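Participant: sequence and predicted structure are below.
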Amino acid sequence: MPPDLSPQAVEESEWMTAISRGDAGAFERLYHRHSPQLYGICLKVLRQPADAQAVLSDVFMDVWKRADRFNPQRGSVRSYLVTLARSRAIDRLRSEGTRHTHERNHQALAASGQPTPATNPEATAIFGEHQQLVRQAMGSLSGPQRATLEMAYFRGLTHREIADELNIPLGTAKTHIRTALKKLRSTLASLGGLTQ
Amino acid sequence: MTQDLPSNTDPNDGDCQEFRELIQGELLGELSQTETNDLAEHLADCPACRAEQEMSTQDWNLIADSAEAAAPPPEVLTGLLKQIEKEKKASAATREAATPSARRPSPRWAALAAYGGMAAAAMLAGLLFTTLFGPASPGPDKIAAQRSDAERRIAEALARFAPNGVEPGVEVHQASFEVHTGQINADTPVNAAILLQRAAGQAHFFATGLPAAPDGMVYRLWLLGGDDKWRYAGDLGNSGEAHKLLAEISPQESLVEAVLTVEPDAPAGDQPDDDKRLLRLRLSQ
């Protein structure tokens, strides 16, 4: 994957270098820029604010301890953080206790209303418009396409697990995801949300 | 199935179709090690599938952006900064307490040198590396002294067993001296160290000085690949002088870390739990 050379990506790569040298200020700047999105992902996966906060803390402590492991040639800081947050959140979801309460948490979060929207102006300015377009593109998918994609991404389910849960053939689950990914790309491109 | 193919169809299209399915399976994290290796092999030779993989990964990562951003409560950052401050203080105290010999410019976990032959490896394993992780925090002075002592022993052992230098193709990594406490026995201080020696598709892993694992528990080795995914490498057997494991490692496999855990003797999970980690061995920069 070619490195992301946008000004934000370059700046964040420098922050990671500074963090690896023990610069807490750089750490804080990185946190302010990315914590709303990462917390949003953790909440979407886990549905339980306490769990999401625990995972968010884990992710950023991991960044603090292992920033030297970040390799800008393999992707942007943002991709690195998103991958880490999703992976940690799904691991927590898979843990026995959390798994059993997942559906209940879905209901609990729905009943308690939405989490506090992100208020970080910098993060909103940088990512807000793009995220809006992605949500619009996701909204253009058919119900089954969106459901399978979200089950795979936000719950970490395999094709087989999705097929079983939706009571559809395995091949259909695979097709839904493949088609959904292609449609997501084409819709986003038509909305001007892709740079290539 | 009979179907007319367009004239510009790749002659390997049938194979590629199979690998395109694997690319999607990879995104969902459901490939076996064999499938992962097969896919990597194919991608190395197929630019079209490499492009497909890159695009699919980009599309996949877009999904994260559909999650509504939300402001975490301020206590999260406050807690993180407190923890960081605490760690910085502990680290500064350790540096201050270190002796001059312990501060010489050698990386914490640098590949030291290597020499071939498994017999030699076994001899080295019996002699190398002592670092301490105990149930109660041993204090920065003691940790620094242990590090210094371990570095001296490493240098002596290598001088004895590899006086003429290193045979090519063998890597040796030493423990990172990361201290974890309390997981084995809350009452007994433990001196232990880990060593991984890798060559020709195999990695020999040694841990010296570990006590017998508690009843119902096993020592377990985990490897973190360059793709940021963990894999369970196996449980360590106890030979008396050292706990050992021979793990199969693909020559192309990129390894970032090895982690030693003590866990219940049950099927391994997907990755090592943070609270079960004893020692971490970093394998690449």
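Facilitator: Arrived safely.

Participant: so the residue of the stretch 101-250 of chain B found nearest chain A, which state does it fall into?
Facilitator: For the stretch 101-250 of chain B, the residue closest to chain A is residue B:228, as judged by C-beta to the nearest C-beta, at 6.9 Å. Any C-beta I mention is one placed from the backbone N, CA and C, and that applies to glycine too. Three-state assignment for residue B:228 (DSSP: H, G, I helix; E, B strand; the rest coil): coil.

Participant: my read is that it contacts residue A:83, right?
Facilitator: Yes - with contact defined as C-beta atoms under 8 Å, residue B:228 reaches residue A:83; the gap is 6.9 Å.

Participant: check contacts around the residue of the stretch 101-250 of chain B closest to chain A.
Facilitator: By C-beta atoms under 8 Å, 6 or more residues apart in numbering or on different chains, residue B:228 lies in contact with A:83, A:84, A:87, B:256.

Participant: for residue B:25, give me its contacts.
Facilitator: Residue B:25 makes contacts with A:159, B:31, B:35, as judged by C-beta under 8 Å, 6+ apart.

Participant: and for residue B:85?
Facilitator: Counting by C-beta under 8 Å, 6+ apart, residue B:85 has contacts residue A:24.

Participant: what mean pLDDT does the host helix or strand of it get?
Facilitator: Using DSSP states H and E, residue B:85 sits within helix B:74-97. In this model, helix B:74-97 has a mean pLDDT of 82.

Participant: what residue ranges in chain B score low on pLDDT?
Facilitator: Applying pLDDT under 70 to chain B picks out residues B:1-14, B:94-212, B:238-253, B:275, B:279-285.

Participant: show me which residues of whichever helix in chain A runs longest are buried.
Facilitator: Across chain A, the helix with the greatest residue count (assigned by DSSP state H) is helix A:24-46. Buried residues in helix A:24-46, counted by 16 or more other C-beta atoms under 10 Å in any protein chain shown: A:26-31, A:33-46.

Participant: out of these, which are close to chain B?
Facilitator: Subset of the buried residues of helix A:24-46 in contact with chain B: A:27, A:28, A:31, A:35, A:36, A:37, A:39, A:40, A:41, A:43, A:44, counting by C-beta under 8 Å from any C-beta of the partner chain.

Participant: ok, so of the residues you listed, who is nearest residue A:130?
Facilitator: Taking C-beta to C-beta as the measure, residue A:130 lies nearest residue A:37 of these, at 10.4 Å.

Participant: so which bits of the stretch 1-150 of chain B are right by chain A?
Facilitator: Counting by C-beta under 8 Å from any C-beta, the stretch 1-150 of chain B sits next to chain A at B:21, B:24-25, B:27-30, B:54-73, B:75-77, B:79-81, B:83-85, B:87-88, B:91.

Participant: nearest spatial neighbour of the residue lying farthest from the centre of chain A, skipping sequence neighbours?
Facilitator: Distance to the chain centre peaks in chain A at residue A:169, reaching 27.6 Å (criterion: C-alpha atoms, centre = their mean). Sequence neighbours aside, residue A:163 is the residue nearest to residue A:169 in space, at 6.4 Å (criterion: C-beta to C-beta, 6 or more residues apart in numbering or on different chains).

Participant: thanks a lot, catch you later.
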